[in-house]
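Student: generate coordinates for the sequence data below:
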Amino acid sequence: MTYWLVANSNAGNGQRGRDFWLAQLANAGIREPTCCDFERDDWTRQLRPGDVVMVAGGDGSVNVGARLCLRYDATLAVLPSGTANDFARNLGLPEAPGDLCALIRKGASQRVDVAEFNDQLFLNVAHIGLGTIPVCQTDDSRKKLLGRFSYGVELLRKLGEKRGFHAEIRCDQGFVRGRWLSIAIANGAFFGGGNEIPEAAVNSGRLDVIAVKPRPLLQLLLTFFMLRLNRQSPQRTSTVVHLKGQDCRVDTRRPKTVTADGDVAGKTPLNVVCRAHSLSVIGASVLAADSSS
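Tutor: Predicted structure coming up:
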């Protein structure tokens, strides 16, 4: 088995780069891992089943690492170094770098879901509508200054300017149509810098679709506050619709930008399928005890 270390020096505030993680890994007993990067792919041909690909970066870098691990049956280890680090939250990884590296050295792994669409995949969430704004319009300097809170700041700045868009949402467990402010298709519980979907998990075997209707700013803020306070899944309200299913399709009247795991990923229509338990990752425990509920 080989340990591979891929570090994105531009991720987050730049303080958790390759040297930082090399020191942490060495303290945990992983000395001299093979260092590489995604800009050159010659090393990927040396990957073998059971190898551990350690990715130090944000969710976009982790996404690239996940694709490699799926292709070569390797295990993904996330070293959170980006702005949001939502996939690390979905895995319930230790916050202390030393504890995380010890977990990697121990080899504790689990299998989680990935969401596939148009020959691509995402681990956290795909957005249409308002949720794409932080990706498309948040500059790097603001992300470095405000960290994961930059996403919320950008959304609040734009919230009152949006009137929504028409779309049809089809899941194997439901169908809705109407005008929407935002549609999020989530593969796990966390997205957008720590926003949480109650009763969701990254190994549940299904997608969670959260669609938000255009409403006055005060009503939107009150709805989001109550959802976070109650920590219960909103099946359907006057503001939010929550659908679940193993596959989902979104059709819009006009092509709309789609973002996935923090990167622009194309235009609608969007077809997403959940591939249950297909990715091996380093993690402390099973996150969802019953994927059939």
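
Student: alpha carbons only for contacts and neighbour counts from here, please
Tutor: Fine.

Student: any idea how far Val250 is from Ile169?
Tutor: Val250 sits 5 Å away from Ile169, going by Cα to Cα, to the nearest Å.

Student: mind checking which helix or strand Asp208 is in?
Tutor: Element membership of Asp208 [criterion: DSSP states H and E] is strand 207-212.

Student: buried residues in that strand?
Tutor: Neighbour counts over strand 207-212 (16 or more other Cα atoms under 10 Å) mark Leu207, Asp208, Val209, Ile210, Ala211, Val212 as buried.

Student: hmm, which two among those residues are most spread apart?
Tutor: Within these, Leu207 and Val212 form the most distant pair, 16.3 Å apart (Cα to Cα).

Student: spell out the secondary structure type for Gly98.
Tutor: State at Gly98, reduced to three classes by DSSP: H, G, I helix; E, B strand; the rest coil: helix.

Student: helices along the stretch 151-293 of the chain, start to end?
Tutor: 217-230 (DSSP state H, counting those that start in this stretch).

Student: shaky segments in it?
Tutor: Low-confidence segments of the stretch 151-293 of the chain (pLDDT under 70): 151-162, 192-194, 223-237, 285-293.

Student: would you map the strands across it?
Tutor: 165-171, 174-180, 182-186, 190-191, 195-196, 207-212, 240-245, 247-252, 257-260, 263-267, 270-282 (DSSP state E, counting those that start in this stretch).

Student: tabulate those in a markdown table, adding columns for distance to Asn118.
Tutor: Output for those, formatted as a markdown table (distance: least, Cα to Cα, whole Å):
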| stretch | distance to Asn118 |
| --- | --- |
| strand 165-171 | 17 |
| strand 174-180 | 21 |
| strand 182-186 | 14 |
| strand 190-191 | 21 |
| strand 195-196 | 26 |
| strand 207-212 | 16 |
| strand 240-245 | 18 |
| strand 247-252 | 12 |
| strand 257-260 | 12 |
| strand 263-267 | 9 |
| strand 270-282 | 7 |
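
Student: of the ones you listed, give the one that comes closest to Ala23.
Tutor: Short answer: strand 270-282, nearest of the strands of the stretch 151-293 of the chain by Cα to Cα, at 19.1 Å.

Student: and the angle for that closest one with strand 165-171?
Tutor: Taking axes from the mean of the first three to the mean of the last three Cα atoms, to 10 degrees, one finds that strand 270-282 is oriented at 60 degrees with respect to strand 165-171.

Student: mind listing what's buried in strand 270-282?
Tutor: Those would be Leu270, Asn271, Val272, Val273, Cys274, Arg275, Ala276, Ser278, Leu279, Ser280, Val281, Ile282, for strand 270-282 by 16+ other Cα under 10 Å.
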